[in-house]
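Colleague: Please find the sequence and the predicted model below.
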Amino acid sequence: MADQYDYDDEDLPDPSLKNIIEQESLQWIFVGGKGGVGKTTTSCCLGTQLAKHRKKVLIVSTDPAHNLSDAFCQKIGRDPTPILGFDNLSAMEIDATE
């Protein structure tokens, strides 16, 4: 008997950046994981690539060890901050406990 969670690979979308960018109905992407696995790097890369194809992109960090400011080499605060070099990409670092 097949497991109810058994999926055929044909039912799954192609796991690629191209597929993410082409998903016009996609509004949210959550990046998570343990410390040191590349969440900030992945978020920044996804954000910059999506900004090439979307009207507006916002990267939000709830990580207590905020690193978006370091990644983009500019001060980023609790309000959406435009990212230098982009007219449609912003980022914010918020305290998830507030």
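Modeller: Yep, it's here.
Colleague: what packs against the longest helix seen in the chain?
Modeller: The longest helix of the chain (DSSP state H) is helix 39-51. With contacts defined as 3 or more C-beta pairs under 8 Å, 6 or more residues apart in numbering; DSSP states H and E, the packing partners of helix 39-51 are helix 17-22, strand 57-61, helix 68-72, strand 89-93. C-beta here means a position set from N, CA and C on the backbone, and glycine is covered the same way.
Colleague: Okay, buried residues for the longest one please.
Modeller: Same thing as helix 17-22. Ile20 (16 or more other C-beta atoms under 10 Å).
Colleague: Just the mean pLDDT for that helix, thanks.
Modeller: Averaged across helix 17-22, the pLDDT comes to 90.
Colleague: contacting residues around the spatially closest residue to Ala71 that is not a sequence neighbour?
Modeller: Counting by C-beta to C-beta, 6 or more residues apart in numbering, Cys44 is the residue found nearest to Ala71 once chain neighbours are left out, at 4.7 Å. Applying C-beta atoms under 8 Å, 6 or more residues apart in numbering, we find Cys44 in contact with 59, 68, 71-72.
Colleague: In space, not sequence, find me the middle residue of this protein.
Modeller: Centrality entry for the chain: nearest residue to the mean C-alpha point is Ser43, 3.7 Å, by C-alpha atoms, centre = their mean.
Colleague: roughly how far apart are it and Ile59?
Modeller: Going from Ser43 to Ile59 by C-beta to C-beta, to the nearest Å gives 5 Å.
Colleague: And Gln49, by the same measure?
Modeller: Distance, Gln49 to Ile59, using C-beta to C-beta: 12 Å.
Colleague: the more surrounded of those two?
Modeller: Ile59 (26 against 15; other C-beta atoms under 10 Å).
Colleague: okay but the more buried one is in contact with Ile94, surely?
Modeller: No: judged on C-beta atoms under 8 Å, Ile59 makes no contact with Ile94 at a distance of 11.2 Å.
Colleague: helices and strands of this protein: which one has the lowest mean pLDDT?
Modeller: Across the helices and strands of the chain, mean confidence by mean pLDDT, DSSP states H and E is lowest for helix 17-22: a mean of 90.
Colleague: what residues does it touch?
Modeller: Taking C-beta under 8 Å, 6+ apart as the rule, helix 17-22 contacts 13, 26, 29, 46, 49-50, 52-53.
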